[in-house]
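Colleague: Got a sequence here, can you build the structure:
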Amino acid sequence: MKLQEITEKFKNEINQDKISASYLFYGDKRVDLLSYALMFSKMIMTKNVQNEAEKEKIERIIDNFQHPDIEIINKNNENIKIDEVREIIYSSIESSFNSPKKIFILCGIENLRKESSNALLKILEEPPQNVYFILLSRTLNIISTIKSRTIKFHLSGMNNDELGVSKEIYYFFDGNENDILEFKRQNLSLDNIQFQINTVEDILQIIFEMKNYTTGELVIKNNLDLTIKYNKSIQLLSHRIRFWDIENVYFFINEIESELKRKRNF
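Modeller: Here you go, the predicted model:
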């Protein structure tokens with residue numbers, strides 16, 4: 001589904017003037033699901049705003065994750081605990097702050113466990129008036145009762161033309177919209193990015209850094225820099241590994257095995 005089609009579907013849904021609803025946005029890892037959830041949230045929150053300056057102000061607050069009536073839960077895509085679900089239910093029946101509507105964006109629904117899903121089901125089926133739930137998932141293979149209680153939007157990734165980049169850049173980032181848009185925002189060029197990878201140890205270090213970042217063990221400010229280093233390292237690895245002697249191959253495998261064992265022993 002192209003961006004224009006998605007926007008039109010969102011507008012059609014908003015124009016139905018539902019007083020409450022539960023939605024499921026799903027798409028693979030290329031798709032920046034949260035950005036679409038924020039886009040949809042802006043449409044909900046500005047539906048009846050006539051003043052253009054006020055509308056832009058609300059949209060800016062939402063883009064900066066500062067709207068008091070929009071809660072984003074589980075941004076790290078971990079398991080949503082039952083205590084968090086109970087807090088969501090309690091918060092959903094409280095009065096809103098700045099607007100007549102409240103929105104809850106729940107990330108990583110594919111990781112939702114049965115206990116938490118059972119607690120969430122009732123509120124999804126009958127949301128309080130002027131309360132909207134937007135569930136984000138990387139797959140449609142989720143708990144069936146959650147799936148059946150939501151309005152579903154399948155969001156597919158944009159191609160390189162829609163993102164305004166070359167195929168080289170598109171495939172370098174594996175079509176990841178978030179990385180590509182940030183790459184464009186910083187006005188970077190792959191040809192001008194210089195860093196040294198000379199040894200197997202250098203490649204391993206970057207692989208482990210990426211692993212620690214994705215599991216939340218490493219906090220960094222510039223994740224795009226790490227993504228570029230990681231992707232370049234994988235490119236280099238795929239080219240070089242064919243010419244490695246057996247000693248280098250064994251070293252590489254053993255280092256990865258040692259790291260995995262170390263993590264399991266913690």
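Colleague: going forward, measure contacts between C-alpha atoms and count neighbours the same way
Modeller: Will do.
Colleague: quick one: the helices in this protein?
Modeller: With DSSP state H as the criterion, the chain has helices at 3-14, 33-45, 52-63, 82-92, 114-125, 144-148, 160-163, 167-172, 177-185, 200-214, 223-240, 246-265.
Colleague: deepest of the ones you listed, which one?
Modeller: helix 33-45 (a mean of 20; mean count of other Cα atoms under 10 Å).
Colleague: Quick check: Ile253 vs Ile234, distance?
Modeller: In this view, Ile253 and Ile234 are 15 Å apart by Cα to Cα, to the nearest Å.
Colleague: I misspoke; the intended subject was Arg185.
Modeller: In terms of Cα to Cα, Arg185 sits 24 Å off from Ile234.
Colleague: on that earlier part again, tabulate the helices of the chain (a markdown table), appending distance to Pro100 and mean pLDDT.
Modeller: Output for the helices of the chain, formatted as a markdown table (distance: least, Cα to Cα, whole Å; pLDDT from 0 to 100):
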| stretch | distance to Pro100 | mean pLDDT |
| --- | --- | --- |
| helix 3-14 | 15 | 88 |
| helix 33-45 | 9 | 94 |
| helix 52-63 | 13 | 93 |
| helix 82-92 | 12 | 88 |
| helix 114-125 | 18 | 86 |
| helix 144-148 | 26 | 89 |
| helix 160-163 | 35 | 86 |
| helix 167-172 | 41 | 88 |
| helix 177-185 | 31 | 86 |
| helix 200-214 | 37 | 80 |
| helix 223-240 | 36 | 81 |
| helix 246-265 | 47 | 66 |
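Colleague: Serialize those to a markdown table and add fields for distance to Leu136.
Modeller: Listed next are the helices of the chain as a markdown table, based on distance: least, Cα to Cα, whole Å:
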| stretch | distance to Leu136 |
| --- | --- |
| helix 3-14 | 15 |
| helix 33-45 | 7 |
| helix 52-63 | 17 |
| helix 82-92 | 15 |
| helix 114-125 | 14 |
| helix 144-148 | 11 |
| helix 160-163 | 22 |
| helix 167-172 | 24 |
| helix 177-185 | 15 |
| helix 200-214 | 18 |
| helix 223-240 | 21 |
| helix 246-265 | 28 |
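Colleague: Tell me which of those lies nearest to Leu135.
Modeller: helix 33-45 (8.6 Å; Cα to Cα).
Colleague: And that closest one, what does it pack against?
Modeller: helix 3-14, strand 21-26, helix 52-63, strand 131-137 (3 or more Cα pairs under 8 Å, 6 or more residues apart in numbering; DSSP states H and E).
Colleague: Now do it against helix 177-185, angle only.
Modeller: 90 degrees (axes from the mean of the first three to the mean of the last three Cα atoms, to 10 degrees).
Colleague: and for helix 33-45, what are the contacting residues?
Modeller: Residues outside helix 33-45 that contact it (Cα atoms under 8 Å, 6 or more residues apart in numbering): 10-11, 14, 25-27, 58-59, 62-63, 99, 101, 103, 105, 107, 134, 136, 155.
Colleague: again, but for stretch 61-79
Modeller: Outside stretch 61-79, the residues that reach it (Cα under 8 Å, 6+ apart) are 38, 41-42, 58, 80, 96-99, 101-109, 111-113, 216.
Colleague: Quick check on these: which are buried?
Modeller: Neighbour counting by 16 or more other Cα atoms under 10 Å classes 38, 41-42, 58, 80, 96, 101-109, 112 among these as buried.
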